[in-house]
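> this is the structure alone, sequence omitted:
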């Protein structure tokens, strides 16, 4: 039978989601722990890839398990998994639904702070910038849903059949002091490092190193620019996945340190 696993993870100590040789990944750890608990080899399919150091406050993977169990599998997995990976729900599926290909919308959050804070280390990206032009940054963010080709915001556009992404929503929030920011974006798909590249461009607008018009020029021009510099990975979270048949609320306590800031739009 097919099962969807609803999980969250802190990606600080992992080289991304997807299994790779000679490095530790989230997929590898989950497959190994499932094999030890269920006593059979297990392969899993994730809802998407995350880069090294990137987190997921909501993530789904699916797997087919033919045997039955008479114990609380989620409880047993959480006991054996490291503290930075949590299983929230295990959902049986009547059909052969696919965790990656069936997803209709993905939402990411990017958190950053502009002063040194040891309690935000590896949970939010630190950029020691003062007097960011927040209004100009919001103007740039507002443009994202007006365009569809994101070739200029991708490290390797040539590897895709197309670089069209339908951004349904994009917002920039700040706390009351303006020294913590949260960029949130939702779309049907995302390209390689697309969000971190967008965030890097938005930061340049905020610092006065680039204009809103220049930011828009990258949305108009589908050629890959030379100076593609992604923002730091540790502030990025995959935070919401929506399926036609499944729309679970994220376990927001996973983000309590960075999320409870009284965000203002």
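Nice, thanks for sending it over. Just so it is clear, the structure is predicted and the values come from calculations on it, not from any experiment.
> in the chain, which spans are helices?
Listed in chain order, the helices of the chain (DSSP state H) span 26-38, 73-80, 134-143, 194-207, 212-220, 256-259.
> quick one: low-confidence parts of the stretch 151-265 of the chain?
Applying pLDDT under 70 to the stretch 151-265 of the chain flags the ranges 224-226, 252-265.
> all strands for the stretch 1-150 of the chain, in order.
For the stretch 1-150 of the chain, the strands defined by DSSP state E, counting those that start in this stretch occupy 2-9, 45-46, 55-64, 85-93, 105-113, 125-126.
> direction included, what does the fourth one pair up with?
Which is strand 85-93. Strand pairing for strand 85-93, determined by DSSP bridges: strand 2-9 (antiparallel).
> taking strand 55-64 as reference, get the angle to the strand it pairs with.
Put simply, strand 2-9 runs at 160 degrees to strand 55-64, going by axes from the mean of the first three to the mean of the last three Cα atoms, to 10 degrees.
> now find how far off-centre strand 2-9 is within its chain.
15 Å (Cα atoms, centre = their mean, to the nearest Å).
> same question for stretch 90-109.
On Cα atoms, centre = their mean, the centre of stretch 90-109 falls 15 Å from that of its chain.
> can you give me the end-to-end span of that stretch?
Using Cα to Cα, to the nearest Å, the end-to-end distance of stretch 90-109 comes out at 24 Å.
> next, the buried residues of it.
Within stretch 90-109, the residues scored as buried using 16 or more other Cβ atoms under 10 Å are 90, 93, 97, 99, 102, 103, 105, 106, 107, 108, 109. C-beta: built from backbone N, CA, C; applies to glycine.
> enumerate every residue touching the first one.
This points to residue 90. Counting by Cβ atoms under 8 Å, 6 or more residues apart in numbering, residue 90 touches 3, 4, 5, 6, 73, 74.
> can you pull the pLDDT of it?
With respect to pLDDT, residue 90 scores 97.
> from residue 235, how far out is it?
29 Å (Cβ to Cβ, to the nearest Å).
> check the second one too.
In this structure, residue 93 and residue 235 are separated by 33 Å, where distance is defined by Cβ to Cβ.
> and the residue nearest to residue 50 when sequence neighbours are not counted, what's its pLDDT?
Of all residues not flanking residue 50 in the chain, residue 17 sits nearest, at 4.7 Å (Cβ to Cβ, 6 or more residues apart in numbering). Note for residue 17: predicted pLDDT of 96.
> between the buried residues of stretch 90-109, which sits nearest residue 68?
Using Cβ to Cβ, residue 90 comes nearest to residue 68 of the buried residues of stretch 90-109, at 12.9 Å.
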